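Trainee: structure here, sequence nowhere to be found:
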């Protein structure tokens, strides 16, 4: 199995021509490009490979270049819309907090490399009516389908290209028992400017926790793992890690935060301070199994996205281990118990099939988790 994608998206990668030639020789380029596109990491891949263009197939380089410049154009377009929205909201006395893409790009891999999917803003519940009126005046409309319990989507079509704005009024994840301190996130927010667009975004530590929390919603998506890796790599010496992990515990996502840090440090080569590295090692049998699941989900997303482990991992890597069996049963049997968060993607029969197909791998993890060295061994990709 080639691991070119996994290797070149590491924050501190210094890819030597000899190493690239070795990896390129055994890379199947069509599946590689499909994974780069599916994971939304193609712009970062192009940035890392552009100086080696002469060593790579020309059509692959051209396709990656197109993805890169599409990403730049799309991001600048969304920032233009965000600037327009922020200006109109300010005139109506609303100061939104901008979530996800722009803040992650600013603190992480950069605005040219981190493709935005949409615009996400956080407002107070009592501001929803005013925000809706502003967005409708700007040409946005609510889609016909039902919204999420904690955000309201708006869509505007500009020449066939849809711009989606999600207006969040809470960040809670009741299914997994994660309850962020939203008022604290607002109080700790910082002002930044991203490509000329001024905005308020969560601070670095909150960016890390909120991005890690998204792993559950997006089944351990590779792009989110890379986001976390860049945040950890760039700010390792300035973040108060002890305070951040205590905050993760208070939010109900201590296991998720620690296992994610372990994954990005071992799989993506992020160097953590020694005291942090000690804190994120699994402390007992149940945690070792959870760490193995997190590692398997990450590898699955980089190598063959859409597999069963990454689909089940959000219901296994929980602080309250006692809830895991019940959540897995409910996830497999009941079609709409989790609301609109991806529950309609698989029929009940397919969900049962996914659970059954992953049972051998889960049982293997339950067995090898007895060994304290098992997690580290799982972090070494097979050559």
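Mentor: Happy to help now that I have it. Note that the structure is a prediction, hence the values are computed from the model and not measured.

Trainee: end-to-end on stretch 5-23?
Mentor: Looking at stretch 5-23, the gap from its leading to its trailing residue is 10 Å under the measure C-alpha to C-alpha, to the nearest Å.

Trainee: same question, stretch 20-40
Mentor: In stretch 20-40, first residue to last residue: 21 Å (C-alpha to C-alpha).

Trainee: what about the residue nearest to residue 130 when sequence neighbours are not counted, neighbour count?
Mentor: In space, not counting the residues next to it along the chain, residue 130 is nearest to residue 92; the distance is 5.2 Å by C-beta to C-beta, 6 or more residues apart in numbering. Every C-beta, even on glycine, is put in place using the N, C-alpha and C of the backbone. Residue neighbour count, defined by other C-beta atoms under 10 Å, stands at 12 for residue 92.

Trainee: what segments of the chain are strands?
Mentor: Remark: strands of the chain, listed N- to C-terminal, are 97-99, 119-122, 151-158, 161-168, 190-194, 197-201; assignment by DSSP state E.

Trainee: rebuild the ones you listed as CSV, extending it with mean pLDDT and mean neighbour count.
Mentor: Supplementary listing: the strands of the chain in CSV, determined by pLDDT from 0 to 100; neighbours: other C-beta atoms under 10 Å:
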stretch, mean pLDDT, mean neighbour count
strand 97-99, 96, 23
strand 119-122, 94, 24
strand 151-158, 88, 16
strand 161-168, 90, 17
strand 190-194, 95, 14
strand 197-201, 94, 19
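
Trainee: residue 276: which of those strands is closest?
Mentor: When the strands of the chain are ranked by distance to residue 276, counting by C-beta to C-beta, first place goes to strand 190-194 at 22.3 Å.

Trainee: neighbouring strands for that closest one, and are they parallel or not?
Mentor: Applying DSSP bridges to the sheet, strand 190-194 is found paired with strand 197-201 (antiparallel).

Trainee: starting at the chain centroid, how far to the partner strand?
Mentor: Remark: strand 197-201 is offset 20 Å from the chain centroid, using C-alpha atoms, centre = their mean, to the nearest Å.

Trainee: what's in contact with it?
Mentor: Contact with strand 197-201 is made by 79-80, 82-83, 86, 95-99, 102-103, 106, 189-193, 207, as judged by C-beta atoms under 8 Å, 6 or more residues apart in numbering.

Trainee: in stretch 246-255, what counts as buried?
Mentor: By neighbour count on 16 or more other C-beta atoms under 10 Å, the buried set for stretch 246-255 is 247-248, 251-255.

Trainee: equivalent analysis for stretch 56-72, please.
Mentor: 56, 60-61, 63-65, 67-68, 71-72.
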